[in-house]
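1. The following comprises the amino acid sequence and a computationally predicted model.
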Amino acid sequence: MVGVAVMRTWIEPVVAGSQVASAFYDTALLLVVKNYYNQTNTTAPSHVLEDAQQKAVSNFYIIYNLVLGLSPLVSAYGLSKLGDRIHRKIPICFPLLGYLGSKTLLLLLILLGWPIEVMYGAAAFNGLTGGFTTLWAGVMALGSLGSSEIKRSLRLIIIELVYGLSGFLGSMASGYLFIGFSDRYQEGTVLVSCSIACYAFCFLYSTFVLTVPKPAASCPAKPKSAEEVGSQLPAHTKSSNSNPVSPSKLILTMLFMAAILYDLAVVGAMNILPLFLLREPLSWNAVQIGYGNAAGYVIFITSFLGVFVFSKYLKDITMIMIGVVSFSAGILIMAFVRWTFLFYLETPWCTRHGSSLH
């Protein structure tokens, strides 16, 4: 009985299920949007059709990502407050309900032939129910709540690995599910249905099975010796001439600005990259798109190994610089990729799926 009670506190099934669902949805949405604009320009010549299609898909994703990114600003803070004051599962269950509803709209779009602009409403509904911002904050809070200070980093790393591996497996299967049933059903119907089923499982598990773990007891403090107590006295009691050193506000401001600029670069590059995979010289199909998305999740393995090894020998600032340089070099080379094998060589070094759990 104790083991069952502990298992019910695991957040990993929610992370795995929602990330598989997200991988299915990402592939389905890209190909459904491509096919939609392909059908609306059937009379144009092939080279003109390719340019018009890419422009239309790009314009769609610009608006879609803006709505998806800005709409959580309305609700994320309030849902997080409710999670702190009322119940920890609120920041998890509400976003999952939003995911379930927004992905259902894509299925209805495929079956009923609705205009693609319906997906702007789906993105808004997803964001207004919390979106990825609220869901991931809730997952991290619940994951760290039941772990001690010593094992907390390990628990969070495990959650990150589950996140990455689930996205990898889901992306690998997504292309086959998209084309495997296209002869009997409309393209994307089965893939989107599988995504909805995964989100439904996550929502039901979070609502009826998942329990909030009790805060882990911290390690009891050891009695301190006189030398240790003396060494922890404030500086002004030991020497009237010495002053405590505070971190420079300029350095902190520059670090925040660097993080924001880096995130803008990564998100911008990753949002544009799939659009160029659909046209020459690569011209990927559904299966190859799934493989490409799967390759992006390899970053969770390589980054884990890199941090695990380099953290023993290098300072944090050095590791930050390595990450920035590796991404910059990788995405620069990616801009000139003309063969598929080069894409897979560069992807583990320059991709990051920060928008997973869409």
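-> Thanks, I have it.

2. what is the mean pLDDT for stretch 8-16?
-> The predicted model assigns stretch 8-16 a mean pLDDT of 92.

3. Check which residues of it are buried.
-> 10-16 (16 or more other Cβ atoms under 10 Å). The C-beta positions use only the backbone N, C-alpha and C, and glycine is treated the same way.

4. can you tell me the distance between the two ends of it?
-> Terminal residues of stretch 8-16 are spaced 15 Å apart (Cα to Cα, to the nearest Å).

5. try stretch 274-290
-> Stretch 274-290 has its terminal residues 11 Å apart, counting by Cα to Cα.

6. still on that earlier bit, which of the buried residues of stretch 8-16 sits closest to residue 92?
-> In terms of Cβ to Cβ, no member of the buried residues of stretch 8-16 lies closer to residue 92 than residue 14, at 6.7 Å.

7. quick one: contacts for that closest one?
-> For residue 14, the contact set (Cβ atoms under 8 Å, 6 or more residues apart in numbering) comprises 92, 96, 139, 202, 205-206, 210.

8. Narrow those to those in helices?
-> Using DSSP state H, 92, 96, 139, 202 are the members of the contacts of residue 14 that sit in helices.

9. How about the last one, nearest residue that isn't a chain neighbour?
-> It stands for residue 202. Distances taken as Cβ to Cβ, 6 or more residues apart in numbering place residue 17 nearest to residue 202, at 4.4 Å, with adjacent residues excluded.

10. rewinding a little: most neighbours of all the contacts of residue 14, which one?
-> Note: the member of those with the most neighbours is residue 92, at 30 neighbours, neighbours being other Cβ atoms under 10 Å.

11. just checking, what packs against the longest helix anywhere in the chain?
-> If each helix of the chain is counted by residues according to DSSP H, the longest one is helix 149-180. Contacts of helix 149-180 with other secondary structure elements, assessed using 3 or more Cβ pairs under 8 Å, 6 or more residues apart in numbering; DSSP states H and E, are made with helix 12-39, helix 131-145, helix 189-204, helix 286-296, helix 299-310.

12. With distance to residue 58 added, can I get those in JSON lines?
-> JSON lines is the format used below for those (distance: least, Cβ to Cβ, whole Å):
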{"stretch": "helix 12-39", "distance to residue 58": "10"}
{"stretch": "helix 131-145", "distance to residue 58": "22"}
{"stretch": "helix 189-204", "distance to residue 58": "22"}
{"stretch": "helix 286-296", "distance to residue 58": "16"}
{"stretch": "helix 299-310", "distance to residue 58": "24"}
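
13. Would you mind checking which of the ones you listed scores lowest on average pLDDT?
-> The weakest mean pLDDT among the helices and strands packed on helix 149-180 belongs to helix 299-310, with a mean of 75.

14. Buried ones in the following helix or strand past that one, by neighbour count?
-> If you walk from helix 299-310 toward the C-terminus, the next helix or strand you reach (DSSP states H and E) is helix 316-334. Neighbour-count burial for helix 316-334, counted by 16+ other Cβ under 10 Å, picks out 323, 326-327, 330-331, 334.
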